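1. sequence plus predicted model, see below.
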Amino acid sequence: MTIPVRIFVRALLTVLALITLGTLIPRPLSSSAERASPQTTILILSNPIHTDIAIPLDAAIRARFGFVEAAGAPISHPDAAWLILGWGGRAFYLETPDWADLKPLPVFRALTVDSAVMHVALARASLAAAPDVRAIALDAEGYARLLDYIERSFTLKDGRPAPIPGAGYGQSDAFFEAEGWFNALVGCNTWTAAALREAGATTGWWTPLPQLLTLSLDLHKRER
């Protein structure tokens, strides 16, 4: 049985309308709160389908996120300058370290519903100059709210974030169990957008792709 062309066209137009509105409509709709002077710069890392947040490593961050060391991310290494954090679907995240590893089942799970995981990795100072990296300056209160939001994304077991044994892409990253459920509508990029809003930024109402999130940040930057 084939789908009538008119139904396909209507569905496509509906999706395009939702994407357009999701990018153009700011979230929050208005913000009258005064911003303090920016004190901390974070990075947003983008690839064609995924975004991560990188926070600068200092003594306080190394102490707060010290649990990643035992899981395989050597946060105390002197060359580590950035802690990279991302939220995503379990099957796709764990089984697709590279595009060459793409498999049908993780893609299917990502397009339907999957449990969530947190990925943590480390990077040198040169990350700030890498392509597809956006710097965002935050004031002290916004940065504190961002860190709280990230920390709440980890699933706790016995009061501590729960690592996933044996999971990781290399020698400086690790995976942890995460709160929430991943799907095509509420995915890694909507998590990043929510984190930025916690920090005081204005994003589009719904930005399921990195390109939409970046565009919405440009469109609404006067409101941040």
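-> Noted; the coordinates are in hand. Numbering: from 1, shown residues only.
2. please enumerate the helices of the chain.
-> Remark: helices assigned in the chain by DSSP state H are 5-24, 59-64, 67-71, 90-95, 104-111, 140-152, 188-198, 210-219.
3. now the first one: average pLDDT?
-> Translated: helix 5-24. Here helix 5-24 scores 63 as its mean pLDDT.
4. how about the residue nearest the centre of the chain, what does it touch?
-> When C-alpha atoms, centre = their mean is applied to the chain, the residue found nearest the centroid is residue 192 (3.6 Å). Residue 192 makes contact with 44, 51, 52, 53, 86, 87, 213, according to C-beta atoms under 8 Å, 6 or more residues apart in numbering. Placement of C-beta: from N, CA and C, glycine included.
5. about what we covered before: deepest of the helices of the chain, which one?
-> Highest mean neighbour count of the helices of the chain: helix 188-198, a mean of 23 (counted as mean count of other C-beta atoms under 10 Å).
6. on the pLDDT front, check residue 99 for me.
-> 68.
7. equivalent analysis for the one 4 residues further on, please.
-> Among the per-residue scores, residue 103 holds a pLDDT of 77.
8. with residue 56 instead?
-> The model's pLDDT for residue 56 equals 98.
9. and the closest residue to it other than its chain neighbours, how many residues sit next to it?
-> Once flanking residues are discounted, residue 56 sits nearest to residue 82: 6.2 Å by C-beta to C-beta, 6 or more residues apart in numbering. Residues within reach of residue 82, counting by other C-beta atoms under 10 Å, total 23.
10. equivalent analysis for residue 121, please.
-> Counted with other C-beta under 10 Å, residue 121 comes out at 23.
11. what sits closest to it if chain neighbours are left out?
-> Distances taken as C-beta to C-beta, 6+ apart put residue 173 closest to residue 121, at 3.8 Å, once the chain neighbours are dropped.
12. what's near enough to touch that neighbour?
-> Shown in contact with residue 173 (C-beta under 8 Å, 6+ apart): 72, 73, 119, 120, 121, 122.
13. sort the residues you listed by pLDDT and name the bottom one.
-> residue 72 (92).
14. what's around that one, how many residues?
-> As a measure of burial, residue 72 has 20 neighbours, counting by other C-beta under 10 Å.
15. isn't it right up against residue 165?
-> No: with contact defined as C-beta atoms under 8 Å, residue 72 does not reach residue 165; the gap is 9.6 Å.
16. how far away is residue 92 from residue 122?
-> Per C-beta to C-beta, to the nearest Å, residue 92 is found 22 Å from residue 122.
17. swap in residue 157?
-> Residue 157 is 23 Å from residue 122, by C-beta to C-beta.
18. quick one, which of those two is more surrounded?
-> residue 122 (23 against 11).
19. for that one, give me its contacts.
-> 57, 73, 74, 75, 77, 80, 82, 83, 84, 172, 173.
20. what is the burial count for the closest residue to the second one other than its chain neighbours?
-> Among residues not flanking residue 73 along the chain, residue 174 sits closest, at 4.7 Å (C-beta to C-beta, 6+ apart). Summarising burial for residue 174: neighbours were counted as other C-beta under 10 Å, giving 25.
21. could you do the one 3 residues further on as well?
-> For residue 177, the count of nearby residues is 17 (other C-beta under 10 Å).
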